[in-house]
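Asker: I would like to see how this sequence folds:
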Amino acid sequence: MIVPSMSVHEIHNELFEDLHSIQTKVDICKKDFGRRVLKASRFPYTFSYDCLSRKKNLLVVSFTVLKRSQWDNPILGFYGVYNRPDGKYAAALSLEDNRSMIYPPHFFKRYRERLVKDDKISNDEIIRLFFKKHWGIVQAVVDENFKTVYQCFESNDKDERLSFVSASTEGYCFGEKQGNVNIIKTIVSEEMLFEDQKPLFDKLRNELMSLANQFFKLPV
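Answerer: Model prediction:
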């Protein structure tokens, strides 16, 4: 079970090791998802399941299909949700490259303020909403220009260590790379950017759109 004393790398290892203990549950969820897909009328279609691991960690498994014929071959996604003294965290797991992306409470606070703009829904719902809408990112190394944008919107974190900026489905994320763990620190919406800042992010946004076209098999 994840405890407050764990480092980010210990959390990463804990969650990846826990994936083996929920395999039977994932197989059961996959069968249920297949039945849901065959009844669905709108695509792409996504549905998520909560799985409690042997170590009592909460792992959320999401299944996605782009069309009905993929009902038995969905795209899988995994993320863990856990508590620490400062609030609720989420960690998305990338099985392809043994990498995790950790989203701290401050990230979800900014996501609520800047994109969802709803104080009534719970923190749990905010986390689930983010992962429901978030399907991919395109990253770039942070330079002084990107750091200036970050400091413009996170003025209390002038000395914050940053490694990368990324275009995501709903905005731009800033984070720090620690080995095979990425800490996603904040998110900025497109509408927040000043006109002279937007060209800096155009390449990232265009790369993300190209990725989206490939993912959803749309013409570029």
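
Asker: contacting residues around stretch 186-201?
Answerer: Applying Cβ atoms under 8 Å, 6 or more residues apart in numbering, the contact partners of stretch 186-201 are 106-107, 110-111, 114-115, 145-146, 149-150, 152-154, 165, 167-168, 170-174, 205. Glycine gets a C-beta too; all of them are placed from N, C-alpha and C.

Asker: go with 10 Å
Answerer: Applying Cβ atoms under 10 Å, 6 or more residues apart in numbering, the contact partners of stretch 186-201 are 103-104, 106-111, 113-115, 117, 130, 134, 140, 143, 145-146, 148-150, 152-154, 157, 160, 162, 165-168, 170-175, 205, 208.

Asker: now Glu191: how far from Arg114?
Answerer: 9 Å (Cβ to Cβ, to the nearest Å).

Asker: okay, those two: which has more neighbours?
Answerer: Arg114 (17 against 8; other Cβ atoms under 10 Å).

Asker: residues in contact with that one?
Answerer: Here Arg114 is in contact with 153, 170-171, 186-189, 191-192 (Cβ under 10 Å, 6+ apart).

Asker: any chance of TSV for those, columns distance to Asp27 and pLDDT?
Answerer: Converted to TSV, the contacts of Arg114 look like this (distance: Cβ to Cβ, whole Å; pLDDT from 0 to 100):
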residue	distance to Asp27	pLDDT
Phe153	43	93
Glu170	32	88
Gly171	35	90
Thr186	37	96
Ile187	34	96
Val188	39	96
Ser189	38	95
Glu191	42	94
Met192	43	95
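
Asker: buried subset of these?
Answerer: 153, 170-171, 186-189 (16 or more other Cβ atoms under 10 Å).

Asker: so which of the residues you listed are in strands?
Answerer: Those of the buried ones among the contacts of Arg114 mapping onto strands are 186-188, per DSSP state E.

Asker: in terms of secondary structure, what does the helix or strand hosting Ala140 contact?
Answerer: Here Ala140, judged by DSSP states H and E, is contained in strand 137-141. Secondary-structure packing of strand 137-141 (3 or more Cβ pairs under 10 Å, 6 or more residues apart in numbering; DSSP states H and E): strand 164-168, strand 172-178, strand 181-188, helix 198-215.

Asker: rerun at 7 Å
Answerer: strand 164-168, helix 198-215 (3 or more Cβ pairs under 7 Å, 6 or more residues apart in numbering; DSSP states H and E).

Asker: rank the ones you listed by pLDDT, which is bottom?
Answerer: Mean pLDDT is lowest for helix 198-215 among the helices and strands packed on strand 137-141, at a mean of 80.

Asker: could you list the buried residues of it?
Answerer: 200-201, 204, 208.

Asker: state which strand of this protein is the longest.
Answerer: strand 75-84.

Asker: direction included, what does the helix or strand following it pair against?
Answerer: Counting by DSSP H and E, the next helix or strand C-terminal to strand 75-84 is strand 87-94. Sheet pairing of strand 87-94 (DSSP bridges) gives strand 75-84 (antiparallel), strand 99-103 (antiparallel).

Asker: noted, bye for now.
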